[in-house]
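Participant: here is my input; please provide its structure:
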Amino acid sequence: MNIKAVTDAILEVLRPFSARLKALEDAKPRDGVDGKDGADGLPGRNGADGAPGRDGIDGKDGAPGADGKDGAPGEKGADGRDGVDGAPGKDGERGEDGANGLDGAPGKDGADGLPGRDGQDGAPGKDGERGPEGPAGREGADGRDGVDGKDGKDGAPGKDGEPGRDGRDGLKGDPGRDALQLEINPAIDPAKSYPRGTYAKHLGGLWRSFEVTSGMKGWECIVEGVSAIEIMQDPADPRHFGLGIKTSSSTVVEKTFHIPFVVDKGIYRKGDSYLKGDGVTWARNFWIANQDTDSEPTAGPIWRLAIKGGRDGKDGRNGIDKTAPVRIKE
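Facilitator: Next comes the predicted model:
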């Protein structure tokens, strides 16, 4: 931007005003004609309050006036509040004991208390000795006919009969099958009938039909298997188990076994019987039975000392050892 050009343009605009101002300054003053009085202006706003003046000097006291007449007595006022209690006096000396008074009449019986809670059941007692047999009862009425039993097993083969006469030679049969070519059915359907000489799996075993079958009639188990296994735990002794094995031909084999793991029986009770593996607390020690027994726990082959009780600590000194810190060895 050209600053000089801008300055020249501004001076050019101000030149007429400068000339007029110079003409006014050069003109000589003349008395002008008095103008007419103008109209009154609007009242001005109230000025601010001035500062408060200083207080005047107090005047002298006037002469005292004459005493007035006494007024009539007023009505009785309300009672005043009670005064505060004074401090309690010191205890006086103790007087002599008075004579004993007469016994009072007996008091009335108090109301019955609430019934107490039932006590815990005691331990079951031992079985008593068996009493003598009672007289025979009267014969009962005949029972209803029972359900028909299952067919019994085939009887033993009879004795050989006398040799028969030789028969005529039969026609030549078809070649027999090799034993390895036997077909074994995966299961037996009792609703079907199978020809003699059929082999099938059933209840974990291998069965063969010795005649035309009807249901399960005509079948025999030639290879026993296991159809079911059941394990039962004695609720009275959790270490006693029963094992039942059912074979393919419905024969049941039962076995029992005992696992001698430790069962806590609480505090030893004299006269109770304990099984092998029972643990009891006795004489501040914990004992485990090595065999079935009803004897008191002592060191030996019957009982084994598992945990030995600690000795009593020394008596603490009242007020000294009661809050002493406990140090634990690392």
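Participant: quick one: the helices in the chain, in order.
Facilitator: Ranges of helices in the chain, per DSSP state H, are 3-26.
Participant: may I ask which helix or strand of it has the lowest mean pLDDT?
Facilitator: Every helix and strand in the chain was compared by mean pLDDT, DSSP states H and E; the lowest is helix 3-26, with a mean of 77.
Participant: please save the CA atoms from that helix in CSV.
Facilitator: The C-alpha coordinates for helix 3-26 follow below in CSV (Å, rounded to 0.1, in the frame of the first residue of the first chain):
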residue,chain,number,x,y,z
ILE,A,3,1.1,5.5,2.5
LYS,A,4,1.8,8.8,0.8
ALA,A,5,-1.1,8.5,-1.6
VAL,A,6,-3.4,7.7,1.3
THR,A,7,-2.1,10.7,3.3
ASP,A,8,-2.6,13.0,0.3
ALA,A,9,-6.2,11.8,-0.1
ILE,A,10,-7.0,12.5,3.5
LEU,A,11,-5.5,16.0,3.3
GLU,A,12,-7.5,16.7,0.2
VAL,A,13,-10.7,15.9,2.0
LEU,A,14,-9.8,18.1,5.0
ARG,A,15,-8.7,21.1,3.0
PRO,A,16,-12.1,22.9,2.8
PHE,A,17,-12.6,22.5,6.6
SER,A,18,-9.2,23.9,7.3
ALA,A,19,-9.9,26.9,5.1
ARG,A,20,-13.2,27.6,6.8
LEU,A,21,-11.7,27.3,10.2
LYS,A,22,-8.9,29.8,9.3
ALA,A,23,-11.5,32.3,8.0
LEU,A,24,-13.4,32.1,11.3
GLU,A,25,-10.2,32.7,13.2
ASP,A,26,-9.3,35.7,11.1
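Participant: and the strands in the chain?
Facilitator: Taking DSSP state E to define them, one finds strands in the chain at 184-185, 199-202, 205-214, 217-223, 226-233, 240-247, 252-258, 263-267, 278-282, 285-289, 303-307.
Participant: the shortest one pairs with which strands, parallel or anti?
Facilitator: What it means is strand 184-185. When pairs are called by DSSP bridges, strand 184-185 turns out to pair with strand 199-202 (parallel).
Participant: buried ones in the partner strand, by neighbour count?
Facilitator: A200, K201, H202 (16 or more other Cβ atoms under 10 Å). Glycine gets a C-beta too; all of them are placed from N, C-alpha and C.
Participant: what is the nearest of those residues to D37?
Facilitator: Closest approach between the buried residues of strand 199-202 and D37, by Cβ to Cβ: K201, at 146.9 Å.
Participant: okay, and the beta partners of the closest one?
Facilitator: Assessed by DSSP bridges, K201 has beta-bridge partners L206.
Participant: that one and P195, how far apart?
Facilitator: Separation of K201 from P195 (Cβ to Cβ, to the nearest Å) stands at 17 Å.
Participant: cool, C221 as well?
Facilitator: From C221 across to P195, the span is 18 Å (Cβ to Cβ).
Participant: the two: which is more packed in?
Facilitator: A side-by-side neighbour count of C221 and P195, using other Cβ atoms under 10 Å, places C221 first with 18 against 10.
Participant: what's across from the more buried one in the sheet?
Facilitator: Taking DSSP bridges as the rule, C221 bridges to W207.
Participant: what would the strands of the chain look like in CSV with distance to D79 and mean pLDDT?
Facilitator: Compiled in CSV, these are given as follows (distance: least, Cβ to Cβ, whole Å; pLDDT from 0 to 100):
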stretch, distance to D79, mean pLDDT
strand 184-185, 123, 90
strand 199-202, 118, 92
strand 205-214, 119, 93
strand 217-223, 121, 92
strand 226-233, 93, 88
strand 240-247, 96, 88
strand 252-258, 99, 86
strand 263-267, 79, 91
strand 278-282, 81, 94
strand 285-289, 85, 94
strand 303-307, 85, 93
